[in-house]
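Chemist: kindly return the folded structure for what I paste below:
(2 chains)
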Amino acid sequence: MPTTDKTLDEILNLAATHFKVPREKLNPDEDFFKALGIDSLQTLDLLTRLEHHFHVELPDYELQGVTDFRTLANKIQARL
Amino acid sequence: MEQYQGQALSWVLNGGIIELSLHRAPCNELGSLSLEEMEAFAAALESMQRNAHALIIYSELKSGFCAGADLRELYQRSQAMEKAEALKAVREFLERIHRVLNLIDAVPLTTIAAVHGVTFGGGFELALTCDLIIADKMARFCFPELRLGLIPGFGGIPRLKRDLGNGVVRDLLLTGRSCNATKAQQTGLVSQVVSEGEAVRAARATAAQMGKFDRETAIAAKRFIKPIPHEELRREIDIFCELFARPAVAAGLKRFVESTDSQPYLP
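Modeler: Model (predicted):
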């Protein structure tokens, strides 16, 4: 199983690539809505890409209130 | 009318395949304008079906297939009316959209929903009227109605139960969670999952294959295997209207309409 740091790194890479944001500008503890400039529909897009990338299911309600990459990585890590 | 370009949707009949495309921004929310054009489509379908063997429904918008009912319109119209009048208007809207969706469900053509992105609420229910769902890998399905104090009102529960069984309905309905195309295929909801941007192409290829079959046989097979759950659909309208009459629903709609939450689509 990958470490949480590796999971976090993969999330940041995926988000940077897909939403065309420089990777070095993304901070693990940052609000990803602001960092990526995404709305609710794009958030669903990110959720789907993460599920496919990590081969996990992420129920929406588990992500309610999650706004930073590190917490998101912990949620994914719990399902790997 | 074999070709039509509307504000919310368009259709064309070409080579035996009718294509109905949705294109009302932001994500094909179904309100009064969409309903009027869907009714026009239903009327045109009566004549087009004589020269067709398949129907494909898809969205031209990047955001997704359809985000469901136009909740802003629903809220604003309800607020402008007395309670009894608003309830009557909601029932009329539901009965009109059920007539259209029942017609698409039973039309003697093989029907395919080619979906991508957000396929939520009424959009999910529209897809469920089709014989097959072909999904882009980025498609996402959800019944978020319970967060508003409602149940799906466009026939979603009876159709999902007909196609997949009660357990899947309970999971999606009672949790309000969304699921991706892979999960939807595992449950049997989706027949094919394709790469991003490939759903319409795959639907056209599937529709072309269906054109090789004897049409009378295809119609008989569909009629045999796909009954319309009329009684449950009627009951669904009644339950929706009973729930809609409660103040909690107006409060839920108000919260949604006025929300600046960054995750308003997430239950």
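
Chemist: CA atoms for contacts and neighbours, from now on please.
Modeler: Will do.

Chemist: near chain B, which residues of chain A are found?
Modeler: Counting by Cα under 8 Å from any Cα of the partner chain, chain A comes close to chain B at A:33, A:39-41, A:43-45, A:48-49, A:57, A:59-61, A:64.

Chemist: would you write out the PyMOL command that picks the buried residues out of the residues you listed?
Modeler: Isolation of the buried members of the residues of chain A next to chain B (16 or more other Cα atoms under 10 Å in any protein chain shown) is achieved in PyMOL through the command below:
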select buried, chain A and resi 33+39+41+43+44+45+48+49+57+59+60
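
Chemist: in CSV, list the residues of chain A next to chain B along with pLDDT.
Modeler: Formatted as CSV, the residues of chain A next to chain B follow (pLDDT from 0 to 100):
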residue, pLDDT
A:Phe33, 88
A:Asp39, 82
A:Ser40, 80
A:Leu41, 82
A:Thr43, 86
A:Leu44, 88
A:Asp45, 90
A:Thr48, 94
A:Arg49, 95
A:Glu57, 93
A:Pro59, 90
A:Asp60, 86
A:Tyr61, 85
A:Gln64, 83
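
Chemist: of the residues of chain A next to chain B, just say which sits nearest to A:Leu8.
Modeler: Comparing the residues of chain A next to chain B against A:Leu8 with Cα to Cα places A:Arg49 closest, at 14.2 Å.

Chemist: the closest one: what's it in contact with?
Modeler: B:Met138 (Cα atoms under 8 Å, 6 or more residues apart in numbering or on different chains).

Chemist: and what of B:Leu55?
Modeler: Neighbouring residues of B:Leu55 by Cα under 8 Å, 6+ apart: B:17-20, B:109-112, B:207.

Chemist: that one belongs to a helix, doesn't it?
Modeler: No: applying DSSP: H, G, I helix; E, B strand; the rest coil, one finds B:Leu55 to be strand, outside a helix.

Chemist: check the secondary structure at the residue of the stretch 1-150 of chain B found nearest chain A for me.
Modeler: Residue nearest to chain A within the stretch 1-150 of chain B: B:Met138 (6.3 Å; Cα to the nearest Cα). Secondary structure state of B:Met138, per three-state DSSP, is coil.

Chemist: give me the nearest residue to it, chain neighbours excluded.
Modeler: Spatial nearest neighbour of B:Met138, chain neighbours left out: B:Gly117 (5.4 Å); criterion: Cα to Cα, 6 or more residues apart in numbering or on different chains.

Chemist: and the gap between the one you found and B:Lys62?
Modeler: Per Cα to Cα, to the nearest Å, B:Gly117 is found 8 Å from B:Lys62.

Chemist: residues touching the residue of the stretch 1-150 of chain B closest to chain A, list them.
Modeler: B:Met138 makes contacts with A:45, A:48-49, B:116-117, B:180-181, B:196, as judged by Cα under 8 Å, 6+ apart.

Chemist: if we can go back for a sec, the contacts of B:Leu55 in helices, which ones?
Modeler: B:Ala207 (DSSP state H).

Chemist: tabulate the contacts of B:Leu55 (TSV), appending distance to chain A and neighbour count.
Modeler: Formatted as TSV, the contacts of B:Leu55 follow (distance: Cα to the nearest Cα, whole Å; neighbours: other Cα atoms under 10 Å in any protein chain shown):
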residue	distance to chain A	neighbour count
B:Ile17	30	24
B:Ile18	29	25
B:Glu19	25	21
B:Leu20	23	22
B:Leu109	32	26
B:Thr110	29	24
B:Thr111	26	26
B:Ile112	23	26
B:Ala207	28	22
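
Chemist: closest one of the contacts of B:Leu55 to B:Ile219?
Modeler: B:Leu109 (6.8 Å).

Chemist: contacts only, for that closest one.
Modeler: B:49, B:52-55, B:218-219.

Chemist: for the stretch 51-200 of chain B, what spans make up the helices?
Modeler: Assigned by DSSP state H, counting those that start in this stretch, the stretch 51-200 of chain B shows helices spanning B:71-79, B:83-106, B:122-128, B:156-164, B:166-175, B:181-187, B:199-210.

Chemist: which of these sits closest to B:Pro247?
Modeler: That would be helix B:83-106 among the helices of the stretch 51-200 of chain B, by Cα to Cα, at 10.0 Å.

Chemist: what stretches of chain B score poorly on pLDDT?
Modeler: Along chain B, segments meeting pLDDT under 70 span B:260-267.

Chemist: let me know the outermost residue of it.
Modeler: B:Glu82 (28.9 Å; Cα atoms, centre = their mean).

Chemist: on that earlier part again, tell me how far the residue of the stretch 1-150 of chain B closest to chain A lies from B:Leu45.
Modeler: 30 Å.
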